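[1] Dropping the sequence and predicted coords here.
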Amino acid sequence: MGQFQVGPGDAVAGGFTGPKPEEISQLMDGELDGGRVDEVCAGLRDAGCVATWVCYHVIGESLRGSATVTSGFSERFAHRLAAEPTVLAPQPRKTTPAAAALAIAATVAAISVVGWVALTTMPTAPTALATARQAAMVRAADARPPIDNEYVLVHQEYSPTTAIQGVRPYLRAVAASEPDARP
Amino acid sequence: MRARRTRAAAECRCPSRRANLRAGLALATLFVVPVAFGQDAAQWLQRAATAARTLNYVGTIAYQRVGRIETSRLVHFSDAGNEFEKLTNLDGPAREVIRQNDQVRCYYSDAKLVRIEPRALHNVFPSLLPQQLATLTEFYTFRKAETARVAGMETQAFVFEPKDGMRYGHKFWADVSTGLLLKARLLNEKGETVEQFAFTDIQIGAKLDRDMFRPPFAAPPPDWQVHETPTGDVAPQDTGWMVKDLPPGFSKVIEGYRTLRGKTGQVAHLVFSDGLVAVSVFVEATPATPQAVGPSQLGGLNVYSRPLNEYLVTVLGEAPGATVRQIAYSVSRR
């Protein structure tokens, strides 16, 4: 983790005092004071801060057992990010009913660095920024992958329990607004 | 002896026959099964499935999962071989599921969306192959439990208790006089309820007619979207994918490719069942937009997704998180 650690002084760019690593952590956890969100997001333009952000995500992913990045990811990521920042802007998200609320919860995990950095460097994305702010309220630990409603529906077809309960298991697909809390 | 012969005959015919024939065979098998094993278990399941399909009933149903309760109105009507079923949620945004025989339409008023699932229910029960019924008694202990009142009706409870940690426990409450399930519960290894469907009131044998199953409108208003899932089942074929370390008792029900809305390219779909629940394995090409991976849960449904080379593997089923995860991690190329 040492190689990713960035001290507050390192993030200074043009007189701008960058966010402290603990503030980045708080932002990810949705525990950052609301008044600091904008400034910390803005600070994420700095490569050192991106490294910290990536590092914390890698740790989080490892703890959740879903780490898939290889060594040198941070450097490669930062390099590619610098090379083509606009390409990484998030697509307008299509909201299916079940996914609507999930999408917000998943924002932190799904678009993570990509979304945040792109959003904060795009002054013309108020809606996306609002979404991001909302996402900041969601504890990263609670962010779970959205459940693909398409998969739930076709799975139902083959589930023996559907046979004895008729259309009732469809409640899962219809009532679903967000996944349950992490067990 | 007779049972074994019949089962063997059913097994060798199944893969090559159409679904409705499979239905007949599987139901016939259910009648034969008690000779060999699990008489009560098969009879209860058979009776519940028949009751759910043939009776007319209307009631309020509560769907409960981890600290949430959602209530819905359920109406079921069977007339001259035609089946109609309507589920309307009573909390939150108005949503409705209307089933006419095999076709399921989901109306999401909040998103102005109609989803049409053309053949969503057509081969559910037959997918219970004879050997899966055999695994039922091998991996679950079936017992009759207490009698209890549910929604004002006398019910008999019965339980499928798992013999290992790879599956959830099931408890069902069936109306004594008709066999209709009035309450169904999934339990984890600690005996805690993971998910429950329960009628809070019900009228069995209610006077109903087809008009009650009219969709909210004849044609969707112009600002509504209509999403129709392409017709056709999984065309059974070898996808080249396999699950190396399948939990005991699970066997493959079907394997093939599906065309799904919102997915580029075909998605490999493999279904495994232990006779009481199913677990689906989906393998798609890595989506263009980054996907979150890891575990998710929706009541009794556990989901686990992980990247595998240039693919994204998603496993979901009515089984504990560890089971779904194990399957996800043992998906590989044959």
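    Nice, thanks for sending it over. Just so it is clear, the structure is predicted and the values come from calculations on it, not from any experiment. Residues are numbered from 1 along each chain as shown, chains lettered A, B, ... in the order given.
[2] Return the helix or strand in chain A with minimum mean pLDDT.
    Every helix and strand of chain A was ranked by mean pLDDT, DSSP states H and E. The lowest is helix A:112-120, at a mean of 32.
[3] what residue ranges in the chain score low on pLDDT?
    Answering for chain A, as no chain was given. Scanning chain A for pLDDT under 70 picks out A:1-17, A:29-31, A:57-144, A:162-183.
[4] Sorry, I should have been clearer: chain B.
    Chain B contains residues with pLDDT under 70 at B:1-39, B:118-133, B:229-235.
[5] per-domain residue ranges of it.
    B:1-229, B:235-333 (automatic domain parsing).
[6] just the ones you listed: most buried one?
    Highest mean neighbour count among the domains of chain B (mean count of other C-beta atoms under 10 Å in any protein chain shown): domain B:235-333, with a mean of 20. Using the backbone N, CA and C atoms, a C-beta is placed for each residue, glycine as well.
[7] And chain A, is it touching that?
    Yes. Counting by C-beta under 8 Å from any C-beta of the partner chain, chain A has neighbours in domain B:235-333: B:253-254, B:258, B:260-263, B:269, B:271, B:273, B:275-278, B:280, B:282, B:289-301, B:303, B:305-307, B:314, B:316-318, B:321.
[8] Strands - which of those land there?
    Counting by DSSP state E, the residues of domain B:235-333 next to chain A place B:253-254, B:258, B:269, B:271, B:273, B:278, B:280, B:282, B:294-298, B:301, B:303, B:305-307, B:314, B:316-317 in strands.
[9] where along the stretch 101-250 of chain B do the strands fall?
    Using DSSP state E, counting those that start in this stretch, the strands of the stretch 101-250 of chain B run over residues B:103-108, B:113-117, B:140-150, B:153-162, B:169-175, B:181-187, B:193-204, B:225-228, B:235-236, B:241-243.
[10] got those strands as CSV, with distance to residue A:45 columns?
    Converted to CSV, the strands of the stretch 101-250 of chain B look like this (distance: least, C-beta to C-beta, whole Å):
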stretch, distance to residue A:45
strand B:103-108, 39
strand B:113-117, 38
strand B:140-150, 57
strand B:153-162, 53
strand B:169-175, 53
strand B:181-187, 48
strand B:193-204, 44
strand B:225-228, 38
strand B:235-236, 50
strand B:241-243, 42
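[11] and residue B:48, which of the ones you listed is closest to it?
    Closest approach to residue B:48 among the strands of the stretch 101-250 of chain B (C-beta to C-beta): strand B:181-187, 4.9 Å.
[12] Can you give the strand pairings for the closest one, parallel or anti for each?
    strand B:169-175 (antiparallel), strand B:193-204 (antiparallel) (DSSP bridges).
[13] any chance of those in JSON lines, with distance to residue B:325 too?
    Below are these laid out as JSON lines (distance: least, C-beta to C-beta, whole Å):
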{"stretch": "strand B:169-175", "distance to residue B:325": "19"}
{"stretch": "strand B:193-204", "distance to residue B:325": "16"}
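[14] closest to residue B:248 out of these?
    Nearest to residue B:248, of all the strands paired with strand B:181-187, is strand B:169-175, at 16.4 Å by C-beta to C-beta.
[15] Name the residues that touch the closest one?
    Residues outside strand B:169-175 that contact it (C-beta atoms under 8 Å, 6 or more residues apart in numbering or on different chains): A:164, B:44, B:47-48, B:51, B:140, B:145, B:148, B:150, B:153-162, B:180-188, B:191, B:198, B:204, B:276.
[16] Relative to residue B:270, how far out is the nearest residue to residue B:117 once chain neighbours are set aside?
    Closest residue to residue B:117 apart from its sequence neighbours, by C-beta to C-beta, 6 or more residues apart in numbering or on different chains: residue B:104 at 4.3 Å. To residue B:270, residue B:104 is 22 Å away according to C-beta to C-beta, to the nearest Å.
[17] how far away is the nearest residue to residue B:330 once chain neighbours are set aside from chain A?
    Nearest non-adjacent residue to residue B:330, counting by C-beta to C-beta, 6+ apart: residue B:245, 3.8 Å away. Distance check for residue B:245 against chain A: by C-beta to the nearest C-beta, to the nearest Å, it reads 17 Å.
[18] Residue B:245 and residue B:328 touch, don't they?
    No. Between residue B:245 and residue B:328 there is no contact, the gap being 10.6 Å when judged by C-beta atoms under 8 Å.
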